[in-house]
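Undergrad: Starting from these lines, generate the structure:
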Amino acid sequence: MGAGASVHRPVLLAETIEALAPRDGGRYIDANLGGGGHAEAILERSAPGGRLLGIDADAGAIAGARDRLARFGDRLQTFHGSSARLAEAADRAGFSSVDGVLFDLGISSDQLVDRERGFGIRAGGRLDLRFDVTRGEPASSVIAALGARELAGIFRQFGDEPHAMRIARAIVAQRVAAPIDTAELLAALVERSVPAGRPTRIHPATRVFQALRIYVNDELQALEVALVAAIDRLAAGGRVAVLTYHSLEDRIVKRAFATAVRGCICPPKLPTCACGIAPTLRLVTKRAILPGEAELHDNPRSRSAKLRAAERLAVAA
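TA: Numbering: from 1, shown residues only. As a prediction, this is how the structure comes out:
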């Protein structure tokens with residue numbers, strides 16, 4: 001999608017840039033480049049000498065972001081691949097030490113209107129849900145192959161879906177007659193399968209689509225790996241900021257930050273530390289930053305966003 005065609009709106013933009021505090025000459029990694037909105041602000045704030053490495057598993061997102069950010073020239077480098085490959089991407093770009101890393105774990109508005117992969121329930125299209133269509137299995141193959149118990153487990157674990165088993169059984173029954181290979185078919189099936197609730201903007205199939213997307217892209221494992229690599233790459237005073245949209249993502253971030261802030265892994269009963277592991281981070285945000293009323297009104301998709309940030313401590317010699 002070209003630069004002029006993008007409909008992406010970055011979430012918590014001002015708050016994220018304040019948390020990262022970009023500066024002239026700094027080196028930054030955007031581990032989920034997406035529509036390039038956050039990357040654009042980082043490059044603007046770090047002018048004229050700041051550089052940014054943008055990573056994304058979606059080749060289309062990289063192409064669109066490069067169009068949008070063309071004016072920054074060679075200050076922008078990109079890497080096509082999962083954020084789990086952050087260390088590899090940084091090595092290739094010569095980013096052995098960085099001043100900031102951003103994770104924005106949501107999907108972009110551009111992806112939601114892409115009918116080739118079915119991210120948007122209302123937009124419809126092929127039921128794929130992969131960011132990188134050259135790797136792994138599409139969601140349509142997953143729901144064609146797994147049993148009801150396995151499908152229900154995915155919907156519960158990754159989507160907090162209260163009607164997981166009812167939906168899973170409906171999928172298994174439906175696929176006997178015809179494959180469920182489009183977003184429209186799956187959305188309609190879920191809507192028929194769950195009890196009618198109070199009218200809301202949120203489609204009844206939202207949790208199921210979210211769960212399948214997280215599953216087929218192995219997003220939680222990628223986040224755990226990438227967070228470790230990001231913290232390891234930070235220079236003293238460098239910051240990592242993470243935008244999450246799901247309780248499981250937020251739990252992973254809180255746990256990683258807490259471990260790095262605590263350092264010591266000795267049993268609590270020991271009177272003094274015997275492990276010698278020093279803290280490596282301090283929290284920049286004591287608690288998660290949430291969108292304000294104005295942003296929620298202008299961009300309802302930001303409703304579940306949480307921003308957390310931490311700063312790398314100097315390592316004792």
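
Undergrad: Residue 156 in helix, strand or coil?
TA: When classified by DSSP: H, G, I helix; E, B strand; the rest coil, residue 156 comes out as helix.

Undergrad: Tell me, how many residues neighbour residue 148?
TA: Other residues lying near residue 148 total 17 when counted by other C-beta atoms under 10 Å. To be clear about C-beta, it is placed using only N, CA and C from the backbone, and glycine gets the same treatment.

Undergrad: Could you check how far it is from residue 162?
TA: Remark: distance between residue 148 and residue 162 (C-beta to C-beta, to the nearest Å) = 16 Å.

Undergrad: Repeat that for residue 308.
TA: Taking C-beta to C-beta, one finds residue 308 at 27 Å from residue 162.

Undergrad: Would you mind telling me which of those two has the busier surroundings?
TA: Remark: of residue 308 and residue 162, residue 308 carries more neighbours, 23 against 13, as counted by other C-beta under 10 Å.

Undergrad: Around the residue lying closest to residue 24 once chain neighbours are set aside, count how many other residues there are.
TA: Spatial nearest neighbour of residue 24, excluding adjacent residues (C-beta to C-beta, 6 or more residues apart in numbering): residue 49 at 5.2 Å. By the criterion of other C-beta under 10 Å, residue 49 has 11 neighbours.

Undergrad: Now do the phi/psi pair for residue 49.
TA: Dihedral angles phi and psi of residue 49 (degrees, to the nearest 10) take the values phi -110, psi 0.

Undergrad: Make sure it is actually in contact with residue 22.
TA: No: counting by C-beta atoms under 8 Å, residue 49 does not reach residue 22; the two are 11.1 Å apart.

Undergrad: what's the distance between residue 170 and residue 193?
TA: Distance from residue 170 to residue 193, by C-beta to C-beta: 4 Å.

Undergrad: what does residue 253 give?
TA: 32 Å.

Undergrad: residues contacting the residue nearest in space to the middle of the chain?
TA: The chain has residue 105 as the residue nearest its centroid, 1.4 Å off, counting by C-alpha atoms, centre = their mean. By C-beta atoms under 8 Å, 6 or more residues apart in numbering, the residues touching residue 105 are 32, 219, 223, 242, 243, 244, 245, 246, 249.

Undergrad: same thing with residue 48?
TA: Under the criterion of C-beta under 8 Å, 6+ apart, the neighbours of residue 48 are residue 24.

Undergrad: again, only this time at 10 Å
TA: 24, 25, 72, 75 (C-beta atoms under 10 Å, 6 or more residues apart in numbering).

Undergrad: Closest one of the residues you listed to residue 96?
TA: Taking C-beta to C-beta as the measure, residue 96 sits nearest to residue 25 out of the contacts of residue 48, at 15.4 Å.

Undergrad: A strand includes that closest one, no?
TA: No: counting by three-state DSSP, residue 25 is located in no strand; its state is coil.

Undergrad: For it, give me the pLDDT.
TA: Per-residue pLDDT puts residue 25 at 96.

Undergrad: For the nearest residue to it once chain neighbours are set aside, give its distance to residue 74.
TA: Excluding the flanking residues, the one nearest residue 25 by C-beta to C-beta, 6+ apart is residue 49, at 4.1 Å. Distance, residue 49 to residue 74, using C-beta to C-beta: 12 Å.

Undergrad: what are the ranges of the helices in the stretch 201-317 of the chain?
TA: Secondary structure of the stretch 201-317 of the chain (DSSP state H, counting those that start in this stretch): helices at 206-217, 219-233, 247-262, 293-298.

Undergrad: Including mean pLDDT and mean neighbour count, could these go into TSV?
TA: As requested, the helices of the stretch 201-317 of the chain are exported to TSV (pLDDT from 0 to 100; neighbours: other C-beta atoms under 10 Å):
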stretch	mean pLDDT	mean neighbour count
helix 206-217	96	23
helix 219-233	97	20
helix 247-262	96	17
helix 293-298	90	11
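
Undergrad: Who are the packing partners of the lowest-mean-pLDDT helix or strand in the chain?
TA: Using mean pLDDT, DSSP states H and E, the weakest-scoring helix or strand in the chain turns out to be helix 109-112, at a mean of 76. Applying 3 or more C-beta pairs under 10 Å, 6 or more residues apart in numbering; DSSP states H and E, we find helix 109-112 packed against helix 59-68.

Undergrad: what helices or strands is the helix it packs on leaning on?
TA: Looks like helix 59-68 contacts helix 37-45, strand 51-56, strand 76-80, helix 109-112 (3+ C-beta pairs under 10 Å, 6+ apart).
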